[in-house]
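Chemist: pasting a predicted model and its sequence here:
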There are 2 protein chains.
Amino acid sequence: MDKILLGHGSGGKLMHDLILCHFMPSFGIEELGDAAVFGINPKRIAFTTDSYVVSPLFFPGGNIGELAVYGTVNDLAMAGATPLYLTAGFILEEGFPMNDLKSIVMSMSEAACRSGIRIVAGDTKVVNRGKGDGVFINTSGIGTVHEGVMISPLRIQGGDKILVSGEIGNHGVAIISERNGITFTPPVLSDTRPLNRLVHSMLEATKEIHFMRDPTRGGLATTLKEAALGSMKCMRIKEDALPIPDQVRGACDLLGLDPLYIANEGVLVAIVDTAWAESLITVMRGHPYGKDACIIGEVEDSPEGKVLLETSIGGTRLLEMLQGEQLPRIC
Amino acid sequence: MDKILLGHGSGGKLMHDLILCHFMPSFGIEELGDAAVFGINPKRIAFTTDSYVVSPLFFPGGNIGELAVYGTVNDLAMAGATPLYLTAGFILEEGFPMNDLKSIVMSMSEAACRSGIRIVAGDTKVVNRGKGDGVFINTSGIGTVHEGVMISPLRIQGGDKILVSGEIGNHGVAIISERNGITFTPPVLSDTRPLNRLVHSMLEATKEIHFMRDPTRGGLATTLKEAALGSMKCMRIKEDALPIPDQVRGACDLLGLDPLYIANEGVLVAIVDTAWAESLITVMRGHPYGKDACIIGEVEDSPEGKVLLETSIGGTRLLEMLQGEQLPRIC
């Protein structure tokens, strides 16, 4: 592969290969995760970065600005951290309407406020017309990791339960519908929202959350495959248990997409000690962003590194990482 | 102004207006600086972000990768911090040559190593061909602030000396020469390099460094104007004292540019207590990146908020911030 393809940004196999073969060895990064965690004595600090290139910039249920704040807030939350500080870097295209920029900045400010994070530093670059696409936003965030919390695929064990916090597929379908001029009644809205308070409630209940990730690019299937490879366990999930809204299912049928590979921006997957699964579901359902929380499957010791989907009709399907790119620029 | 202009990314007046009128009030940021500083008990942490959109990606003396590492390392150093951890976010254009990406990543890795900073997290996005320009890189960095150090324009006082660590204008001229196909013999090389160890030596010598900044976009004049406005003092500098290499002077004459507004990537300006000025110069000259350090002027109580240049021929010129954009995409 001698050129960058759109698939290198997909969150799937191509991107993983790029990261594993080039970035991680060059930078000496050893573990893949939503945020890096390290000590600044006496605290453990989580530190993460994400660039946002979503197209269109404004979509049903959100815009690039709030997405950029919530996405990074959620990455910190997934590391078991309380998000504290955020930076915002803008790459603007010459000619971009100032009013659109104002709307985006205002959304970011509101999103930061809602998440309880402070935007403390920023940067602005402008590129010539035709060398960018309106606006790209990078946000980087830091937070302090809850005491006693250790979130890592290495903690996943046979018997653990697999939980999701809510409906899957809404963000991706909202973007596609906007891009293709398809309208749903009622409209499918992006689920972009901050998960840090939901996670806080969960970690107040128990520290026996072994793994946590928000299934953004690459969707639920890719996230579970990462968990399977990181733990060398088998993730077995039940199709009937998946909270996929009818409209998402319909849109996916129509467009030939698989909801298991569609990006989400306000849902988390948690893999937890079985003894705590039910009470965590109760805690999650008590939170507005966890009201549809459910158990979708469990961890088995073998086959190692696999994700198995028990289908509604009684078959078993092997889920791999997203191959290529089904929906470029989803976030 | 209803559209973004290239000048909004210049580091000069337009960019300041954008930041002061929109970003700072929306985000509740109160002070402009190279990095935000806040406490994560018991440490003071500096946190900064920068996106790099330099064109061309490879230029005499460097490339976008090392620039992205050193730029952020230097921003942390300017806040009096020891740079510790860095994130790297890539926005790649579909079709970008993989070998160029490898060279850039390798340079970043070497630059991180040379600076003593660890790259701990990253992100990769790909945009369609024609919606980006090869590669844009965001780096965000954190570091711990040296104990007892307080760098702020509010500490600047009348009588302070103004120091620069080395020659000015090399980065900007290297980029322009590459862009315009002008060659110099010997070539003018970008000064992109890490200043954190130089700053460390300076802070070991004394904490009486009141203000420090690396004059990147907008150049030395814009940085001094920021210092003048932030302190409401007058910065008076002497043209004869400015370390401007002959080739930079020649290139600027040829192209109608002013070296005082040209970007630098490996030079710092420090405003220090007069009692420490000479010994700091000695300390700086003992470091390879400070060997041309010199005193270029001093702070006076009035006229408030002004920068005055005493010219070689005995006149006085008032220096303002960079207006518009003389060199887009310099970093």
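Modeler: Sure thing, it's come through. What you see is a predicted model, and the numbers here were worked out from it, not measured in a lab.
Chemist: now do the same contact list for residue A:223.
Modeler: Residues counted as contacts of residue A:223 (C-beta atoms under 8 Å, 6 or more residues apart in numbering or on different chains) are A:213-215, A:269. To be clear about C-beta, it is placed using only N, CA and C from the backbone, and glycine gets the same treatment.
Chemist: same check on residue A:220?
Modeler: Contacts of residue A:220 by C-beta under 8 Å, 6+ apart are A:164, A:168, A:242, A:260-261, A:264, A:269.
Chemist: redo that, cut-off 10 Å
Modeler: Contact partners of residue A:220, counting by C-beta atoms under 10 Å, 6 or more residues apart in numbering or on different chains, are A:162, A:164, A:168-169, A:213, A:237, A:242, A:244, A:258-264, A:267, A:269, A:296, A:307, A:319.
Chemist: and what of residue A:327?
Modeler: Contacts of residue A:327 by C-beta under 10 Å, 6+ apart are A:6, A:10-11, A:172-173, A:175-176, A:179, A:217, A:219, A:255, A:257, A:261-263.
Chemist: hmm, which two among the residues you listed are most spread apart?
Modeler: Within the contacts of residue A:327, A:6 and A:173 form the most distant pair, 19.3 Å apart (C-beta to C-beta).
Chemist: on that earlier part again, closest one to chain B out of the contacts of residue A:327, please.
Modeler: residue A:6 (5.3 Å; C-beta to the nearest C-beta).
Chemist: quick check: phi and psi on that closest one?
Modeler: phi -60, psi -30 (degrees, to the nearest 10).
Chemist: check residue A:229 too.
Modeler: Taking degrees, to the nearest 10 as the convention, residue A:229 sits at phi -70, psi -40.
Chemist: ok, the residue lying closest to it once chain neighbours are set aside - contacts?
Modeler: Leaving aside its sequence neighbours, residue A:229 sits nearest to residue A:305 (C-beta to C-beta, 6 or more residues apart in numbering or on different chains; 5.1 Å). In this structure, residue A:305 makes contact with A:225, A:227-235, judged by C-beta under 10 Å, 6+ apart.
Chemist: 7 Å - rerun?
Modeler: A:228-229, A:232 (C-beta atoms under 7 Å, 6 or more residues apart in numbering or on different chains).
Chemist: just the buried residues of those.
Modeler: Buried subset of these (neighbour count, 16 or more other C-beta atoms under 10 Å in any protein chain shown): A:228-229.
Chemist: nearest to residue A:60 among the contacts of residue A:305?
Modeler: residue A:228 (32.8 Å).
Chemist: hang on, residue A:233 packs against residue A:302?
Modeler: No - Residue A:233 lies out of contact with residue A:302 (C-beta atoms under 7 Å); the separation is 8.0 Å.
Chemist: shared neighbours, the two?
Modeler: Taking C-beta under 7 Å, 6+ apart as the contact rule, residue A:233 and residue A:302 touch no residue in common.
Chemist: okay, the two: which has more neighbours?
Modeler: Legend: neighbour count by other C-beta atoms under 10 Å in any protein chain shown for residue A:233 and residue A:302, higher for residue A:233 (24 against 10).
Chemist: tell me how far the more buried one lies from residue B:301.
Modeler: Distance, residue A:233 to residue B:301, by C-beta to C-beta, to the nearest Å: 70 Å.
Chemist: residues contacting residue A:10?
Modeler: A:217-218, A:322, A:324-325.
Chemist: quick one: secondary structure of the residue lying closest to residue A:3 once chain neighbours are set aside?
Modeler: Take residue A:3 and drop its neighbours on the chain: the residue closest to it by C-beta to C-beta, 6+ apart is residue B:95, 5.2 Å away. For residue B:95, the assignment made with DSSP: H, G, I helix; E, B strand; the rest coil gives coil.
Chemist: cool, and residue A:137?
Modeler: Following three-state DSSP, residue A:137 is assigned to strand.
Chemist: okay, and the beta partners of it?
Modeler: Residue A:137 has these beta-bridge partners by DSSP bridges: residue A:52, residue A:90.
Chemist: what's around it, how many residues?
Modeler: So residue A:137, with other C-beta under 10 Å, has 28 neighbours.
Chemist: please apply the same query to residue A:30.
Modeler: Residue A:30 has 8 nearby residues by other C-beta under 10 Å.
Chemist: residue A:6 and residue A:173: which has the busier surroundings?
Modeler: Legend: neighbour count by other C-beta under 10 Å for residue A:6 and residue A:173, higher for residue A:173 (30 against 19).
Chemist: in this structure the more buried one contacts residue A:251, no?
Modeler: Yes - the pair residue A:173 / residue A:251 is scored as a contact, 4.7 Å apart, by C-beta under 7 Å.
Chemist: hey, what's in contact with both of the two?
Modeler: Joint contacts of residue A:173 and residue A:251 (C-beta under 7 Å, 6+ apart) are residue A:188.
Chemist: who are the packing partners of the helix or strand of chain A with the lowest mean pLDDT?
Modeler: Using mean pLDDT, DSSP states H and E, strand A:36-40 stands out as the lowest-scoring helix or strand of chain A, at a mean of 78. Helices and strands touching strand A:36-40, by 3 or more C-beta pairs under 7 Å, 6 or more residues apart in numbering or on different chains; DSSP states H and E, are strand A:43-52, strand B:118-127.
Chemist: now with 10 Å?
Modeler: Counting contacts by 3 or more C-beta pairs under 10 Å, 6 or more residues apart in numbering or on different chains; DSSP states H and E, strand A:36-40 is packed against strand A:43-52, strand A:135-145, strand B:81-93, strand B:118-127, strand B:135-145.
Chemist: so for residue A:32, which of those strands sits nearest?
Modeler: With C-beta to C-beta as the criterion, residue A:32 lies closest to strand B:118-127 of the helices and strands packed on strand A:36-40, at 9.8 Å.
Chemist: strands of the stretch 151-300 of chain A, start to end?
Modeler: A:161-164, A:209-213, A:234-238, A:269-272, A:294-300 (DSSP state E, counting those that start in this stretch).
Chemist: any idea which of the ones you listed is most buried?
Modeler: strand A:269-272 (a mean of 26; mean count of other C-beta atoms under 10 Å in any protein chain shown).
Chemist: how near is residue A:20 to chain B?
Modeler: Per C-beta to the nearest C-beta, to the nearest Å, residue A:20 is found 12 Å from chain B.
Chemist: again, but for residue A:229
Modeler: Taking C-beta to the nearest C-beta as the measure, residue A:229 falls 19 Å from chain B.
Chemist: hmm, back to that, reformat the contacts of residue A:223 as JSON lines; add distance to residue A:114 and pLDDT.
Modeler: Listed next are those as JSON lines, based on distance: C-beta to C-beta, whole Å; pLDDT from 0 to 100:
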{"residue": "A:213", "distance to residue A:114": "22", "pLDDT": "96"}
{"residue": "A:214", "distance to residue A:114": "17", "pLDDT": "96"}
{"residue": "A:215", "distance to residue A:114": "22", "pLDDT": "96"}
{"residue": "A:269", "distance to residue A:114": "22", "pLDDT": "98"}
